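1. build me a model from this:
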Amino acid sequence: MSAARVTSEIGTLRTVLVHAPGAEVDRMVPAMMEQLLFDDILFGEHARAEHDAFTRVLAKLGIEVLDAQTLLEETLQIELARRWLLEPMLEVTSRRVTERLLEAPAADLANMLTHGVRVDPDNRWLESEELFEVPPLPNWCFQRDPQAIVGNQVIISAMATPARWREAVIAGTVFRFHPRLSTVPILLDPLAPQGDRPVHQGPRRANFEGGDLLVLSEDVIALGYSERTNKAGVLALARALSRLEGGPRWLEVLKLPDKRAFMHLDTVLTPINHDQCLVYSPVLDHSSSDAAQAFEIDLHTADLRPKEQPHFLDALRRRGIDYEPIPCGGQDKMMQQREQWTDGANALAVAPGTILLYDRNLETANELNNAGYRVVHSNDLLADKAAVSLEGSEKVCIQVPSHELSRARGGPHCLSHPLVRDDI
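-> Residues are numbered from 1 along each chain as shown. Next up, the predicted model:
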């Protein structure tokens, strides 16, 4: 099996990358929420239990589940990988912490890089912004964002906020050095030094994150132009994809409204079958104040300027992607807003027509049931009270626990990064 191959969002999932929320979520305090992009602090024990149910469902379906923390620990046993990862960090840490990082065994170093490094916990005079020498990474459970697999290559993200830069550096290190993933060609890594050209970190720096990139087919990529992926990021991705031999031809761009609720494309649209997608309807409704603008880039031409399109789904249809939109939250506009906020449009397809969805999005599940999906709760699947096969043609929605995880503002699609899917 190839180390990485993704040519759609719905091909049967064979290997997936996840990360269980660890001590990093237990170390957040309210004063850090805005900086760390959270709307609340989580109850870590319950978040871990929910994530465990999520990954056990994946394993139950026969999917190989890899945890990014384990891959990081194994990567840090390689001395060159340690130097590559630590070099940019050592410039901004104190001498005391630098020594701890350099001397730590691989497992301890991996924990320090993800859980964070506290300043003296017994110092009662510290302000909230002084608690950490190395801040924790509570967003790292959202493995969709630090990288994106396109075909058999990987794009390392350029995260939009300082709170998440280290995630992309970790992803770049793991894909460069881990024996399991080092054979995957890196198509683009904006944070990697390139000869004498410095990494540009100014206000015009390209930003893009994996949650904004959807691989719809071998020929079509959808990209969100959002609060996390800027204009320079769209152009950087277009240039990289245009250089990919045998790569996609069409980059379909959706410019999302500048709202916290729409941080990535996959918060408003995710494919769930050959001919269906879950969608937050107002972004595709021209009469709505939340309507998004559609653009198209032909990656096989020298002119990579986006050309405006009348309607996003019509643009996809012309390129062979014909989706029936299923509204998250059902038909009621109030429920659409509520369930989009709790990731009702953020489903993970594990095979064509078989998806994982947060169990709190009941109206979305009802709408899927009306569209012919059998709705199964993960508790019944894990207790062998219900059966689901990835090899059949039945349409199934598997509900997974979501009380704590949904408060972190990311659904099953955000929590997972497919490494290997079957072609369709």
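
2. stretch 171-178 - what's its average pLDDT?
-> If you average the pLDDT over stretch 171-178, you get 97.

3. low-confidence regions, the stretch 301-424 of the chain specifically.
-> Of all residues in the stretch 301-424 of the chain, none has pLDDT under 70.

4. in it, which spans are strands?
-> Shown for the stretch 301-424 of the chain, the strands assigned by DSSP state E, counting those that start in this stretch span residues 307-309, 324-327, 348-351, 354-358, 374-377, 396-400, 417-421.

5. direction included, what does the fourth one pair up with?
-> Sheet pairing for strand 354-358, assigned by DSSP bridges, gives strand 348-351 (antiparallel), strand 396-400 (parallel).

6. picking up where we left off before, out of the strands of the stretch 301-424 of the chain, nearest to residue 71?
-> In terms of Cβ to Cβ, the element of the strands of the stretch 301-424 of the chain nearest to residue 71 is strand 417-421, at 10.6 Å. In this view, the C-beta of every residue, glycine as well, is placed from N, C-alpha and C.

7. and the end-to-end length of stretch 75-84?
-> Start-to-end span of stretch 75-84 (Cα to Cα, to the nearest Å) is 11 Å.

8. in it, what counts as buried?
-> Buried residues in stretch 75-84, counted by 16 or more other Cβ atoms under 10 Å: 75, 76, 78, 81, 82, 84.

9. go on, stretch 313-332?
-> Result for stretch 313-332 [16+ other Cβ under 10 Å]: buried residues 313, 315, 316, 319, 321, 323, 325, 326, 327, 328, 329, 330.

10. ok, now stretch 208-219?
-> 208, 209, 210, 211, 212, 213, 214, 215, 216, 217, 218.

11. ok, those residues vs residue 48, which is closest?
-> residue 211 (21.7 Å).

12. helix, strand or coil for that closest one?
-> Following DSSP: H, G, I helix; E, B strand; the rest coil, residue 211 is assigned to helix.

13. might one say that it is in contact with residue 266?
-> Yes: here residue 211 reaches residue 266: they are 4.9 Å apart, a contact under Cβ atoms under 8 Å.

14. what touches both of these two?
-> Common contact partners of residue 211 and residue 266 (Cβ atoms under 8 Å, 6 or more residues apart in numbering): 144, 224, 413, 414.

15. how many neighbouring residues does the first one have?
-> When counting by other Cβ atoms under 10 Å, one arrives at 27 neighbours for residue 144.

16. ok, now how distant is it from residue 214?
-> 10 Å (Cβ to Cβ, to the nearest Å).

17. now do the shared contacts for the two.
-> Common neighbours of residue 144 and residue 214, counting by Cβ under 8 Å, 6+ apart, are residue 266.

18. most centrally placed residue in this protein?
-> Nearest to the mean C-alpha position of the chain, by Cα atoms, centre = their mean, lies residue 144 at 1.8 Å.

19. so where does it fall, helix or strand?
-> Residue 144 is part of no helix or strand, with elements assigned from DSSP states H and E.

20. what sits against it?
-> Residues near residue 144 by Cβ under 8 Å, 6+ apart: 210, 211, 266, 410, 413, 414, 415, 416, 417.

21. what of residue 159?
-> 145, 146, 165, 167, 168, 207, 209, 228.

22. any idea how far residue 225 is from the first one?
-> Right, the one you point to is residue 145. Using Cβ to Cβ, one gets 16 Å for the distance from residue 145 to residue 225.

23. between those two, who's got more neighbours?
-> Set residue 145 next to residue 225 and count neighbours by other Cβ under 10 Å: residue 145 wins out with 28 against 21.

24. got the phi and psi for residue 242?
-> Per-residue torsions, residue 242: phi -70, psi -20 (degrees, to the nearest 10).

25. is it true that it touches residue 304?
-> Yes: using Cβ under 8 Å, residue 242 is in contact with residue 304, at 6.4 Å.

26. how many residues are close by residue 74?
-> By the criterion of other Cβ under 10 Å, residue 74 has 18 neighbours.

27. quick check, it in a helix?
-> Yes: counting by three-state DSSP, one finds residue 74 located in a helix.

28. contacting residues for the closest residue to it other than its chain neighbours?
-> Counting by Cβ to Cβ, 6 or more residues apart in numbering, residue 74 lies nearest to residue 178, which is 6.1 Å off, once chain neighbours are set aside. Applying Cβ under 8 Å, 6+ apart to residue 178 gives the contacts 71, 74, 75, 81.

29. got CSV for the residues you listed, with pLDDT and distance to residue 104 too?
-> Output for the contacts of residue 178, formatted as CSV (pLDDT from 0 to 100; distance: Cβ to Cβ, whole Å):
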residue, pLDDT, distance to residue 104
71, 98, 17
74, 98, 15
75, 98, 14
81, 97, 14
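
30. and the two most separated of those?
-> Using Cβ to Cβ, the pair of the contacts of residue 178 lying farthest apart is 71 and 81, separated by 10.9 Å.

31. which residue is the nearest non-sequential neighbour of residue 86?
-> residue 101 (5.8 Å).

32. and that neighbour, what does it touch?
-> 86, 89, 90, 93, 109, 112, 134.

33. just list the residues touching residue 170, thanks.
-> 68, 72, 85, 113, 114, 140, 146 are the contacts of residue 170 under Cβ under 8 Å, 6+ apart.
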